[in-house]
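Asks: turn this into a structure:
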Amino acid sequence: MKRFIKWLLGMVLFVLALAVSLLAPIDYTPLAEQPFHQTMMEGLQQSTTPSSTPQPVEVGWSKFNILPSYSMPMAGYTPKDKFESIHDSVYCRVLAIRQGAAAHFIISLDLMLFPPVIKERIETELQKQNKNYFIYLTATHTHSSLGGWDPSVVGRVTLGKYHEEWVAKISQQIVDHLEVALQSAKSSRLSYFEEDATEYVENRLDGTNGKVDGKIRGIEFTRSDSSRGVLVSYSAHPTTVELLSRIISGDYPNALTDRLEQKTSFALFMAGMVGSHRLKGVTGTDFQRIDSAADKLNHKIQVANRTLLPDSIALSSAHIPIQFGAVIITSFNGNYTGYVTDDRYYAAGNEEEVMALNWVGPYFGEYYTEMITHLITKTPSTSMP
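Replies: Predicted coordinates for the structure are as follows:
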C-alpha cells in the first residue's frame, strides 16, 4: 500500500511538473520586436533566388492507385481503425516539368496531408541516387482517406496503427513514378487561368465578415502531341463525407479531377488555403454534395479565360527555412505548423482551429503575410499573372 501511495504521489508530482514546464502565458510581444522576426526578415533580405534563363518547358505526368489490398485505418475527423468500403479510389499524381537539365516535380496525394515519413524517404532515396530534383509536395486534404502513416505515439493514437509495409511501398512507387513522369515529358505550352467561385465557399470562423479566397486557379498544359493536362487549386475544405463514415473517398477533389480527365489526359488537385474555408451552396447527401460541388467547379474551370504564357519561361526554385519563436514544430503537408488564422480571431474565437490547432501564437497571420509578400516582391518578374 505504501509503495502504491508513493507511486501515485510520484505520478501526481510528475504531471504537475510537466504542466508547469509546458504551460505559460501567451506572449503578446509585438511581432516586430520578436527576435525570430528580425532574424527571418534579415534572412529574406539576404536570400537570393537562383537565376533562370527563359527556356521552353517539357511536361509529363503519371498517377497510381494508393489503396492497399487490405483494410487500413482512416485519417480525418476521428480515429477509425479500418475502412469498410470504397466509394472511389484514391491516387498519387505526379507532374514533371523539365527545362534543360533541371527537373521540377509536383506530387499530390489523395490524403489528408502529405505524410512526413514518406517525404523523408523520398528525399533520402533521391540523395542516394544523386538526383538534384526540386520536389513540391501537396495533398487534396480529403478527410475520408487512409491513415496509419505516422509512426509516432501521437500519430498512432490519432491516425491509427502504423503500416510500415504500405509506407515503404508508396514511398518507392513515388520515386519510381518521378521517372515515369519525366520520361513521358513532351514539349508544352502553358496557360494560366482563374475564375471566381466565391459562391461555393465561406469562412467558417466568421460567415458574415470573414474573408475568403474564392478563386479557383490552375495551369493547363498543352503538349506537342495535343494531349492536355491541368493543375487546379481551390480553398474549400474537403469535409463533405459524414464524420463517422468508414467509406474511402477522395471527396470533391477526386470527383473534380474525374470530370477534368474526361476532357484531358491528366488532372492534379492541390488544396488551397483551406484553413477556415468550407463548401457552401451545395445540397443533398454526402456524395450528392460531392458530385454537385465537382460539377459546379468543373464548369468554372471550363469557362475560365486562359492566359497563354510565352514559349519560353523562367523557372527557379529555392528552400528558405522559416524562423519561429518558442513553439513546437511538427510536420503535416511535408512541413506543417498548425493553422495560420486571421489574427483578429486568435483571442476572440472559440473554434477548434483557433483554440487547439493554432500552435504558433497571436501574430502569425501577419507574419506569414509579410514573408510571402516579401518573397513575391523580391522574386524577378515573370510572365505569370
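
Asks: now do the SS call for residue 269.
Replies: strand (DSSP: H, G, I helix; E, B strand; the rest coil).

Asks: who touches it in this structure?
Replies: By CB atoms under 8 Å, 6 or more residues apart in numbering, residue 269 lies in contact with 108, 140, 232, 233, 234, 253, 254, 256, 257. From N, CA and C alone the C-beta is placed, and that goes for glycine too.

Asks: now it: how far from residue 201?
Replies: Using CB to CB, to the nearest Å, we find residue 269 at a distance of 15 Å from residue 201.

Asks: could you do residue 192 as well?
Replies: Distance from residue 192 to residue 201, by CB to CB: 20 Å.

Asks: more neighbours: which of those two?
Replies: Between residue 192 and residue 201, counted using other CB atoms under 10 Å, residue 201 has the larger neighbour count: 25 against 17.

Asks: the residue nearest to residue 287 when sequence neighbours are not counted - how many residues pack around it?
Replies: Spatial nearest neighbour of residue 287, excluding adjacent residues (CB to CB, 6 or more residues apart in numbering): residue 87 at 6.5 Å. Using other CB under 10 Å, residue 87 has 18 other residues around it.

Asks: dump the contacts of residue 269 into a markdown table; add distance to residue 313 as well.
Replies: Putting the contacts of residue 269 into a markdown table (distance: CB to CB, whole Å) gives the following:
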| residue | distance to residue 313 |
| --- | --- |
| 108 | 22 |
| 140 | 27 |
| 232 | 19 |
| 233 | 19 |
| 234 | 24 |
| 253 | 27 |
| 254 | 30 |
| 256 | 26 |
| 257 | 25 |
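
Asks: low-confidence bits of the stretch 51-200 of the chain, can you list those?
Replies: Within the stretch 51-200 of the chain, no stretch has pLDDT under 70.

Asks: the contacts of residue 269 in strands, which ones?
Replies: For the contacts of residue 269, the ones inside strands are 108, 232, 233, 234, with DSSP state E as the criterion.

Asks: with adjacent residues omitted, what lies nearest to the last one?
Replies: So that's residue 234. That would be residue 216: by CB to CB, 6+ apart, it lies 4.7 Å from residue 234.

Asks: my guess is the one you found contacts residue 297. True?
Replies: Yes - using CB atoms under 8 Å, residue 216 is in contact with residue 297, at 5.9 Å.

Asks: anything in contact with each of those two?
Replies: Applying CB under 8 Å, 6+ apart, one finds that residue 216 and residue 297 are jointly contacted by 197, 234.

Asks: if we can go back for a sec, tell me how far the residue nearest to residue 287 lies from residue 78.
Replies: Taking CB to CB, one finds residue 87 at 19 Å from residue 78.

Asks: run the chain-centre distance for whatever helix or strand residue 193 lives in.
Replies: Taking DSSP states H and E as the definition, residue 193 sits inside strand 186-196. Strand 186-196 sits 21 Å away from the centroid of its parent chain (CA atoms, centre = their mean, to the nearest Å).

Asks: follow-up on the earlier one: which of the contacts of residue 269 sit farthest apart?
Replies: 233 and 254 (14.7 Å; CB to CB).

Asks: which of the two has more neighbours?
Replies: Each of residue 233 and residue 254 has its neighbours counted (other CB under 10 Å); residue 254 has more, 25 against 19.
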